[in-house]
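Peer 1: here are the coordinates; sequence isn't available:
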């Protein structure tokens, strides 16, 4: 089709107006401010906290609309059950693999060997707060916590599992309505979703401010030398997460007909947002829209992405086994194979329901150590100073894992073909046939 003569091609967006460039510059500026002016950098913490609160404000309504519309749009409930079973099966296999990989690597590297830290010399008050937050993290308590006190309590607390429960019941109730009423209800949900995503687009414009404040605080509080503390554990964790992403998730992606490298480039804005804020929840709305653009159905995206934020936290799983065994090594607490397998089984349960919020992985680790008391919980104080830097890697790995899971389930459901994925993942101007 010929372009009309009076049509002027749209001017390219200036580099300084691209969001991921702004976030990247803000992260670099935050590091510089925290390094050169530590006190001032530490005082900027409210900027990062405020942005994360703005995002969390929108998570519950967006998830509600996405899940309700996705499930209620399915006329065949057998399809819902099939997708749900496939999703949980995939989550359990990949999450367990992440736990095992973390356990194998930390035993191979032995980063805590020779630390010779006496737990009695550590300040027990540092770990006590996390231990208290971890109290009651039994499987029974976990199941009971899924049920909100009232219908609207889930939206007040922002608990994703509670929001999922309310959304699922609402979706089934809408599905049971007479067809005209069902269509009207779905239309109202869709309009609500458009409004909430519109608000989210406005909130995300403040991402550079949030990333700047978060990084300035981190470096200002812990100092640039914090990057060198427990360097072997940090390096081992980052390397293990990279191997998991490129080898394990990359192999899964290749089997499903797409490139993990192209996929990472496709979600680069979300990855940089997570890097700046250290929370994978900040990228959740963007991931929902990106997965739809890839060709995944709204129903699958609405089920897999929100559920993955509680049941498919690959980065958190790697961290938990590596950190727990590291603390045992650092305090000269011997753990035989049976005890490490017990730790693995406990982590498989305690990791479920951990959200993508900053620090959630640390609380989950405290819950795991509380169940395996042989490792002194006071040793958590060793990790407090570097947890922020570990949290960024956890969140990024979690985000990538949930994105890949969504595409995999869509492929299993034959909603999208490898050719469609390669076409949608290809940068503008690329020849898809060359991939």
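Peer 2: That came in fine, so what should we check first? As the structure is a computational prediction, the values presented were derived from the model and not from experiment.

Peer 1: contacts, neighbours, all on C-alpha from now
Peer 2: Will do.

Peer 1: residues contacting residue 396?
Peer 2: Remark: with contacts taken as CA atoms under 8 Å, 6 or more residues apart in numbering, residue 396 is in contact with 271, 274, 275, 280, 315.

Peer 1: repeat that for 7 Å
Peer 2: 271, 274, 275, 280 (CA atoms under 7 Å, 6 or more residues apart in numbering).

Peer 1: now these in TSV, with secondary structure, pLDDT and distance to residue 414?
Peer 2: Below are the contacts of residue 396 laid out as TSV (DSSP: H, G, I helix; E, B strand; the rest coil; pLDDT from 0 to 100; distance: CA to CA, whole Å):
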residue	secondary structure	pLDDT	distance to residue 414
271	helix	89	27
274	helix	83	30
275	helix	79	33
280	helix	75	28
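
Peer 1: other SSEs contacting the helix or strand where residue 102 lies?
Peer 2: Assigned by DSSP states H and E, residue 102 falls within helix 77-109. Contact here means 3 or more CA pairs under 7 Å, 6 or more residues apart in numbering; DSSP states H and E; on that basis helix 77-109 packs against helix 314-330.

Peer 1: what's the average pLDDT for the helix or strand containing residue 33?
Peer 2: Assigned by DSSP H and E, residue 33 falls within helix 19-36. The average pLDDT for helix 19-36 rounds to 81.

Peer 1: so which elements touch that helix?
Peer 2: Applying 3+ CA pairs under 7 Å, 6+ apart, we find helix 19-36 packed against helix 207-222, helix 268-277.

Peer 1: can you put those in a markdown table and add distance to residue 172 and mean neighbour count?
Peer 2: Below are the helices and strands packed on helix 19-36 laid out as a markdown table (distance: least, CA to CA, whole Å; neighbours: other CA atoms under 10 Å):
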| stretch | distance to residue 172 | mean neighbour count |
| --- | --- | --- |
| helix 207-222 | 36 | 27 |
| helix 268-277 | 31 | 24 |
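
Peer 1: tell me which of those sits nearest to residue 103.
Peer 2: Closest to residue 103 of the helices and strands packed on helix 19-36 is helix 268-277 (CA to CA; 24.9 Å).

Peer 1: and stretch 183-191, average pLDDT?
Peer 2: For stretch 183-191, the per-residue pLDDT averages 88.

Peer 1: what does it contact?
Peer 2: By CA under 7 Å, 6+ apart, stretch 183-191 touches 65, 69, 174.

Peer 1: so the helix or strand the first one falls within versus helix 207-222, what angle?
Peer 2: Yep, that's residue 65 we're talking about. Residue 65 belongs to helix 45-72 when elements are defined using DSSP H and E. Comparing the axes of helix 45-72 and helix 207-222 via axes from the mean of the first three to the mean of the last three CA atoms, to 10 degrees yields an angle of 130 degrees.

Peer 1: how about helix 45-72: buried residues?
Peer 2: Buried residues in helix 45-72, defined by neighbour count with 16 or more other CA atoms under 10 Å: 45, 47-48, 50-52, 55-72.

Peer 1: surely residue 302 meets residue 67?
Peer 2: Yes - counting by CA atoms under 7 Å, residue 67 is a contact partner of residue 302 at 4.5 Å.

Peer 1: what's near enough to touch residue 99?
Peer 2: Listed by CA under 7 Å, 6+ apart, the contact partners of residue 99 are 317, 318, 321, 344.
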